[in-house]
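> Just the structure for this:
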Amino acid sequence: MKYTPLGVDGVHLVEMTPFTDERGGFARSFDTAEFEAHGMRPEVAQCNVSWNHRAGTLRGMHLSLPGHPESKFIRCTRGAIVDVAVDVRPDSPTYLQHVQVELSAENRLGLYLPPHLAHGYQTLTDDTEVLYMVSVPYAPGAEVGYRYDDPAFGVTWPREVTVISDKDASWPAFGEAANTERFRSGVSA
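Next up, the predicted model:
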């Protein structure tokens, strides 16, 4: 597999190395030893699947706070998405920078996110399915979020938002002082 660091500290694009013949193809999609060698967390506590009926559906921006170190490894297994991660870690060298990557069933790319980044995606096609592996079990009390269209993030979404949950539409605006306090307080283990 090929690992390419992106513009936010700790974020990697992961490309499979396919072997093909008349039957089709084969490729390793996840390797704990290679993840560790590239400084990525290899633990997998849960695998989650989300499916989305309509293009333009937006999910995010979600993150976990210190005390709940949830890394993610994301693939789009049907259709296509634009995946976005914003660095809201106050002490990070890439604070308030973001990455935006197209993941699709066709390109078979994977995106690794270290803990505590604000994460979301938008579907580019109807009937899109996304698989993501997370390093720790879901803990509702550890999840927080920010508005997907917060000007502080500078994210340009490729499509009009057609579907968004009430929860995601009501996340608060980003504020540096409140964010720093959230990270300082964290969550209880």
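> Please give me every residue in contact with Thr156.
Gln100 (CB atoms under 8 Å, 6 or more residues apart in numbering). Quick note: C-beta positions are derived from backbone N, CA and C, even for glycine.
> before we move on, what about Leu96?
So Leu96 contacts 86-88, 152-153 (CB under 8 Å, 6+ apart).
> buried set for the host helix or strand of Phe183?
In this structure, Phe183 is located in helix 176-185 according to DSSP states H and E. For helix 176-185, burial by neighbour count (16 or more other CB atoms under 10 Å) applies to 179, 182-183.
> Roughly how far does the residue nearest to Asp127 when sequence neighbours are not counted sit from Phe153?
Counting by CB to CB, 6 or more residues apart in numbering, Asp127 lies nearest to Gly79, which is 5.9 Å off, once chain neighbours are set aside. For Gly79, the distance to Phe153 equals 24 Å [CB to CB, to the nearest Å].
> can you give me the offset of the helix holding Phe183 from its chain's centre?
21 Å (CA atoms, centre = their mean, to the nearest Å).
> Output that helix as CSV, nothing but the C-alphas.
Extracted as CSV, the C-alpha positions of helix 176-185 are listed here (Å, rounded to 0.1, in the frame of the first residue of the first chain):
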residue,chain,number,x,y,z
GLU,A,176,-11.3,29.6,19.3
ALA,A,177,-11.7,30.3,23.0
ALA,A,178,-14.6,27.8,23.4
ASN,A,179,-12.7,25.2,21.3
THR,A,180,-9.6,25.5,23.4
GLU,A,181,-11.7,25.1,26.6
ARG,A,182,-13.3,22.0,25.1
PHE,A,183,-9.9,20.5,24.4
ARG,A,184,-8.6,21.5,27.8
SER,A,185,-11.6,19.9,29.6
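> pLDDT score for Ser188?
pLDDT, the model's per-residue confidence, is 67 for Ser188.
> now Pro140
In this model, Pro140 is scored at 84, pLDDT.
> and the residue nearest to Phe19 when sequence neighbours are not counted, what does it touch?
Spatial nearest neighbour of Phe19, excluding adjacent residues (CB to CB, 6+ apart): Phe26 at 5.0 Å. Phe26 makes contact with 18-20 under the criterion CB under 8 Å, 6+ apart.
> sorry, back to before: around the residue nearest to Asp127, how many other residues sit close by?
By the measure other CB atoms under 10 Å, the count of residues near Gly79 is 20.
> likewise the one 4 residues further on?
For Asp83, the neighbour count with other CB under 10 Å is 23.
> Switch the contacts of Leu96 over to a markdown table; also include pLDDT and secondary structure.
Shown next, in a markdown table, are those (pLDDT from 0 to 100; DSSP: H, G, I helix; E, B strand; the rest coil):
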| residue | pLDDT | secondary structure |
| --- | --- | --- |
| Val86 | 98 | strand |
| Asp87 | 98 | strand |
| Val88 | 98 | coil |
| Ala152 | 97 | coil |
| Phe153 | 97 | coil |
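> what are the ranges of the strands in the chain?
Along the chain, the stretches classed as strands by DSSP state E are 2-5, 12-15, 19-21, 24-26, 46-52, 58-64, 72-78, 80-87, 98-104, 110-113, 117-123, 128-134, 143-145.
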